[in-house]
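> I'll drop the sequence and a predicted model, then ask my questions.
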Amino acid sequence: MKIAINGMGIAGPALAYWLHRFGHEPVLIEKAPGPRAGGYLVDCWGLGYDQAEKMGILSKLLELGYHVQDVQWVNASGKISATFKPQILGQMVNDRFVTVERGDLAMAIFGQVKGKVEMIFGDSIATINEQADRVDVTFEHAPPQSFDLVVGADGLHSRVRDLVFGPMKQFENYLDMRVAAIEVDDYQPRDELTFISHTEPKRQVSRFSKRNNKTLFLLGIREPLVGPGVPHTDDEKRDELKAGFAGMGWECPQILAALDHMNHIYYDVVSQIHMKRWTRGRVALVGDAAACLSLLAGEGTGMGMLEAYVLAGELTLAGDDYATAFRKYEERLQSLIKTKQKNALKVAPTYLPKGQFAIFVRNIITRILPARAVARIALMSMKDNFESPEYEKQLNL
């Protein structure tokens, strides 16, 4: 089948990879002029690690990734309040664990489909009109095309979801948080393989030293959303962040000043998407477009890769019976995704505590509990109770 995929983040290229491998003709569409770099750090483990291995990108992720040695929370003067050794998590999952930049993961998947599938950059789907035997699609710029199916892999603010299922507000659960990921050059000090955070009530600023003298800052703020959402331009985003994090201690004044020299910026709401169905007619959704877990889940990228694999596999097993394939895709994954979303909500109080007492409790618990006990609690909340299908074996590939 010829299948349009709107969005070239994680789930979109992953779906294109499997569709191409299983004998279909995917067409990737991306509104940006090229693949997107940067973004926050993601932990690749569990089902996501398995998918990376299946796709042949694991060695690349291990090369580009980081094995973080220490996670520290510091007070306003920079004194360590609590610490955690994340390599214990890796030991408990047989070292199948690596931390990577989201953009590096996206580029690794992109490399597996580059030159193999058709790609349209600088464009997006404008209209979707389903017919009995096809879907007619118009674009913002490119000439119209017809496809057998259309898939929205275009993230939290999905255009395909808006066109086919309705406005985002019907499905969004805003978690009263916004987060920014910003990269700058030549920031000092550096603490290699150490993730450092300073938390004040409803606000947190973190930094992580990357290779090539680059530093990644992660800024999180908890407050109701006022107006249409986050700003669109980098200047507006920088101004809002400077205002929102003004007055914080530690290195925060220096970090806010460094935003004037930023390379990449990601800034968005922290929300989940809840939908009863991820498919309608000849249109399906994957990744954050279908069921955004939020960054609190720690496995959003892995789930997007898994959803892509399952959708491609079920479409291939079902032949031209896309309705059956869509139904099985949803049946296999919806329970898992709902559990992940619920578990993510439990993390919110510790990620951005509302008050000073909550920060104190988090630090005390982290200090007094054995590291393996903390790791075990974290793994229990993120446990993957799911047996992944083996479509390659079923298809004799």
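That came through fine.
> Could you tell me which residues within stretch 71-82 count as buried?
71, 72, 73, 74, 75, 81, 82 (16 or more other CB atoms under 10 Å). (C-beta placed from N, C-alpha, C; glycine too.)
> CA atoms of the strand or helix carrying the second one as CSV?
Going back to what we said before, that points to residue 72. In this structure, residue 72 sits in strand 70-74 according to DSSP states H and E. C-alpha atoms of strand 70-74 as CSV (Å, rounded to 0.1, in the frame of the first residue of the first chain):
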residue,chain,number,x,y,z
ASP,A,70,25.3,10.8,38.8
VAL,A,71,22.0,12.7,39.2
GLN,A,72,22.3,15.5,41.8
TRP,A,73,19.8,18.0,43.3
VAL,A,74,21.5,21.1,44.7
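> Please name every helix or strand in contact with it.
On a contact count with 3 or more CB pairs under 8 Å, 6 or more residues apart in numbering; DSSP states H and E, strand 70-74 meets strand 80-84, strand 194-200, helix 356-368.
> Would you check the distance separating the longest one from the middle of the chain?
Yep, that's helix 356-368 we're talking about. Using CA atoms, centre = their mean, to the nearest Å, the mean C-alpha position of helix 356-368 is found 28 Å from that of the whole chain.
> Check the first one too.
Once both centres are worked out by CA atoms, centre = their mean, strand 80-84 turns out to sit 26 Å from its chain's centre.
> Just checking: what are the partner strands of that strand?
With DSSP bridges as the test, strand 80-84 is paired with strand 70-74 (antiparallel).
> Show me what the longest strand along the chain is packed against.
The longest strand of the chain (DSSP state E) is strand 172-185. For strand 172-185, the elements it packs on are strand 214-222, strand 262-273, helix 322-351, judged by 3+ CB pairs under 8 Å, 6+ apart.
> same thing but at 6 Å, please
strand 214-222, strand 262-273 (3 or more CB pairs under 6 Å, 6 or more residues apart in numbering; DSSP states H and E).
> Next one: the nearest residue to residue 391 once chain neighbours are set aside from residue 15, what distance?
Spatial nearest neighbour of residue 391, excluding adjacent residues (CB to CB, 6 or more residues apart in numbering): residue 313 at 3.3 Å. Noted for residue 313: a distance of 11 Å to residue 15, by CB to CB, to the nearest Å.
> higher neighbour count, the two?
Per other CB atoms under 10 Å, whichever of residue 313 and residue 15 has more neighbours is residue 15, with 32 against 24.
> Leaving out chain neighbours, which residue sits closest to the more buried one?
Nearest to residue 15 is residue 308, by CB to CB, 6+ apart, at 3.8 Å.
> And for residue 186?
residue 213 (5.7 Å).
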